[in-house]
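> Sequence below, structure please.
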Amino acid sequence: MPRVIDFKTLPSVAANQIALKKEIAAQLAVKEEEISGYHLLKESIDARSRQPSIIISADVYVKETFSPRKKQIFNRQNVSESKHRVLIAGAGPAGLFAALRLIEHGVKPIIIERGKDVRARRRDLARLNKEGILNPESNYCFGEGGAGTYSDGKLYTRSKKRGDLQRILEIFHEFGADENILYRAHPHIGTNHLPKIIAAMREQILQCGGEVHFETKLTDLIISHGHLQGIQINQTEIIKANALILATGHSARDIFELLHHRNIKIESKPFALGVRIEHPQTLIDSIQYHCTVRDPYLPPAAYSLVEQVQGKGVFSFCMCPGGIIAPASTADNELVVNGWSPSKRNNPFANSGMVVAVEQKDAWQWMKKQKLHNSFSEEDPLLLMAFQQQVETVAFNAGGGKFKAPAQRVADFFDRKYSSSLPANSYVPGLNSASLHDVLPAFIEERLRLALPIFGKKMKGYFTNEAIVVATESRTSSPVRIPRDVSSLQHPHLPELYPCGEGAGYAGGIVSAAMDGEKVADAIAISLGILKNQAYPKQE
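Below is the predicted model of the structure:
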């Protein structure tokens, strides 16, 4: 039987297979030649001391036959002639993983996606970045793979109760992700690699007899006597459906409006809004690794920050070491910024969302001050979405058009001082020096200002005019939740509708969305009598 060993070692040792094997032998007090092989189980960085180290857990084979890492087997069937057919709106991680799981259950998935496939989508992103021309159906949020495909590809989640995390990582590895995602503490695929993986998933769905239709937009629901009969696509064609998994993502505002118009219950959901903050990566490295020059065997440093300010949480979100800030808008005249990193994380800047929690009462008070409340009530489930949209419109105007973004140096932002110049940065469409005091709602701007010096004390050097804040980071999560039954996962008023993923309010990233997609697929299999016992926990 292999022996499990836990130890710390230098980054240079962890990065070299020969040196690592020698270290493992020393840890076990055996001869190096007695070790026939090992599997890494966990790998993480401990940067608390002056000399950062790598913490490793490994399965080691000593004086016995080395067995390759066991791959999980996924029993996907040919479903081309299946009597069970389920529609899936959205080809993001929730939709794709729901489809793959349905195929395991012998159910034919039919995916409709408003955007384009990953290759065609890339051209639309290039036009947005270089020419300021937005395709509202094909952008950083919409298209094959969803928002995560071209915005980083981080594969970790804070929730361990949503489903089988390791299974999700195994599936990503099956379709081409590096094996290191199976054991690293913060696995990351990278925007340069994720599109090929997503395309491979699509090909598997097609080979098994499923269907995937691009540039196919859900425009209406066909409902009779309280039951879903089918859907309308592209405002013309009708498709019959026995069940619809709604996995349209956190930015599909038209879907929220459609449900509300159809009197299908939705709820407002608190979210967070703020800015992207960008530093030179060398600065973040020096702070986190206590060094002048980063050890070449260490990855670019990341960070996580949180503080309570005036009764609200201010926190970092989607931190991208060696990353790039990108325009993530889905409509003309609205500005959203997001961040991503390539697999090597080798760009010269580090960016992160820095956001403030927003609740219904905050949005209502701001909308009243702006005289934008006449179309809403204080309890309107679309109020937070409208608030988000209005802030994005203000940011677009402050940027000066063509998706240029308003920005300030960090210390200038704190002093409410106009930045006469802005440093080199990663945002391709370009920045416009502006007072973010006039862009962000006051309750958000004030808390961000007060939090930054506190973060500067936690990370000495973080609060600096070498860094910039860029508005606005507003798509942290969905501002709407679509309710569902805790056990059946069906909408309480429309049993054939299965809300799913980030857009429905039940996930917060690639992994949690993928797990939710599998969970919903299992719920449908149970309803069809295919699966007897629920495979995943019921916790929401």
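
> if I read this right, residue 243 contacts residue 496, doesn't it?
Yes. Residue 243 is within contact range of residue 496, at 5.1 Å (criterion: CB atoms under 8 Å). Bear in mind the C-beta positions are built from the backbone N, C-alpha and C, glycine included.

> Now do the shared contacts for the two.
Common neighbours of residue 243 and residue 496, using CB atoms under 8 Å, 6 or more residues apart in numbering, are residue 228.

> burial of residue 306, as a residue count?
A count of nearby residues for residue 306, using other CB atoms under 10 Å, gives 12.

> need the contact list for it.
Counting by CB under 8 Å, 6+ apart, residue 306 has contacts 313-316.

> What does the pLDDT read for it?
At residue 306, the predicted lDDT confidence score is 98.

> Find the centremost residue of this structure, please.
residue 509 (3.3 Å; CA atoms, centre = their mean).

> So what does that residue look like in phi/psi?
Main-chain dihedrals, residue 509, degrees, to the nearest 10: phi 150, psi 180.

> list the contacts for it?
Residue 509 touches 148, 154, 156-157, 502, counting by CB under 8 Å, 6+ apart.

> and residue 288, that's in a helix?
Yes. Judged by DSSP: H, G, I helix; E, B strand; the rest coil, residue 288 forms part of a helix.

> Quick check: the gap between it and residue 281.
As judged by CB to CB, to the nearest Å, residue 288 and residue 281 stand 10 Å apart.

> Name the residues contacting each of these two.
Joint contacts of residue 288 and residue 281 (CB under 8 Å, 6+ apart) are residue 301.

> Just the buried residues from the contacts of residue 306, in ChimeraX please.
Selection of buried members from the contacts of residue 306 for ChimeraX, criterion 16 or more other CB atoms under 10 Å:
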select :314,315,316
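
> Just give me how far stretch 73-88 sits from the chain centre.
Here the centre of stretch 73-88 is set off from its chain's centre by 27 Å, with CA atoms, centre = their mean, to the nearest Å.

> What's the per-residue pLDDT of residue 149 here?
At residue 149, the model reports a pLDDT of 88.

> Looks like it contacts residue 193 (just checking).
No. Using CB under 8 Å, residue 149 is not in contact with residue 193, being 10.4 Å away.

> ok, those two, which is more surrounded?
More neighbours surround residue 149 than the other of residue 149 and residue 193, with 28 against 16 (other CB under 10 Å).

> Would you check how far apart the more buried one and residue 139 are?
11 Å.

> Mutual contacts of the two, please.
Joint contacts of residue 149 and residue 139 (CB under 8 Å, 6+ apart) are residue 121.

> Double-check that residue 457 belongs to a strand.
No. Per three-state DSSP, residue 457 lies outside any strand segment and is helix.

> quick one on the thing from earlier: name the nearest of the contacts of residue 509 relative to residue 39.
Relative to residue 39, the closest of the contacts of residue 509 is residue 156; by CB to CB it sits at 20.2 Å.

> and that closest one, which of the three is it?
Under three-state DSSP, residue 156 comes out as coil.

> ok, which stretches of the stretch 151-300 of the chain are helices?
Secondary structure of the stretch 151-300 of the chain by DSSP state H, counting those that start in this stretch: the helices cover 165-174, 194-207, 253-261, 281-289.

> So what's the model's average confidence on the third one?
Along helix 253-261, the predicted confidence averages to a pLDDT of 97.

> do stretch 12-27 as well
On average, stretch 12-27 scores 97.

> name the element the closest residue to residue 211 other than its chain neighbours belongs to?
Using CB to CB, 6 or more residues apart in numbering and skipping residues adjacent in sequence, the residue nearest residue 211 is residue 110, 4.5 Å away. Element membership of residue 110 [criterion: DSSP states H and E] is strand 108-112.
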